[in-house]
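Asks: Can you look at this prediction? I've put the sequence above it.
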Amino acid sequence: MPTLPHTGLQAPDHPRYEVTSCRELELLRGTPFQATLSLEGRTIGFAENYGDGDTTEFVPHGDFPADDFAQFADACRLEHQPVSLSLLLDLLIEEFNVSRLLRAQALHGRTLLREVAPNGTATISGAITMPATTDDRRRLRGALGLPRTPGAAAQFWNGSHWEHLAGAAAS
């Protein structure tokens, strides 16, 4: 089962559901959002969250059977463990958002930097000019004082996968 690069979600290759857009509204008490879910270019539903601390919900579109998406969720795994429908939606949205940020940075010859904590939690920590050599990575790691969290690994997106900066702890 393929593993998505930014969240580690393991999802079946077929059917291939994906988030194709996401709208957020920043409010004082939360960030409600609605993301469009598609299958082969067809909108099948929406992931909605009211930003009030409650879980993200799947809302089917048109005649799409909600059970089909629920069966897909049942097949997905994170660190070889089952995921809830709500967590699946959140992870698909995170994949979409990180991919969108990476595309925007790549237009300027930059990439994203993240830290991966010992428990596997990854946090985007900034954007950097794409390091070309091992020496560039080593200098960058030293100049930025990375990783900032003890025991974490500093990584950058090299265009195809997350790569450790020189000398960073392996996770």
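Replies: Everything's here; your move. Residues are numbered from 1 along each chain as shown.
Asks: Can you show me the strands along this structure?
Replies: Under the criterion DSSP state E, the chain contains strands at 9-10, 17-24, 33-39, 42-49, 57-60, 77-78, 81-82, 110-116, 122-129, 153-157, 162-164.
Asks: I'd like these as TSV, with distance to residue 89 and mean pLDDT appended.
Replies: No exception for glycine: its C-beta is placed from N, CA and C like everyone else's. Output for the strands of the chain, formatted as TSV (distance: least, C-beta to C-beta, whole Å; pLDDT from 0 to 100):
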stretch	distance to residue 89	mean pLDDT
strand 9-10	11	96
strand 17-24	9	95
strand 33-39	7	97
strand 42-49	4	97
strand 57-60	6	97
strand 77-78	13	96
strand 81-82	14	96
strand 110-116	21	94
strand 122-129	18	92
strand 153-157	23	93
strand 162-164	22	93
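Asks: quick one, longest helix in the chain?
Replies: The helix spanning the most residues in the chain, taking DSSP state H as the definition, is helix 85-106.
Asks: For that helix, which residues meet the burial criterion?
Replies: Within helix 85-106, the residues scored as buried using 16 or more other C-beta atoms under 10 Å are 85-99, 101-102, 105.
Asks: Over to stretch 137-156?
Replies: 137, 140-141, 146-147, 152-156.
Asks: For residue 58, give me its contacts.
Replies: Residues near residue 58 by C-beta atoms under 8 Å, 6 or more residues apart in numbering: 37, 45-47, 66, 69-70, 85, 89.
Asks: 7 Å instead, please
Replies: Residue 58 is in contact with 45, 47, 66, 69, 85, 89, counting by C-beta atoms under 7 Å, 6 or more residues apart in numbering.
Asks: Sweet, I'm off.
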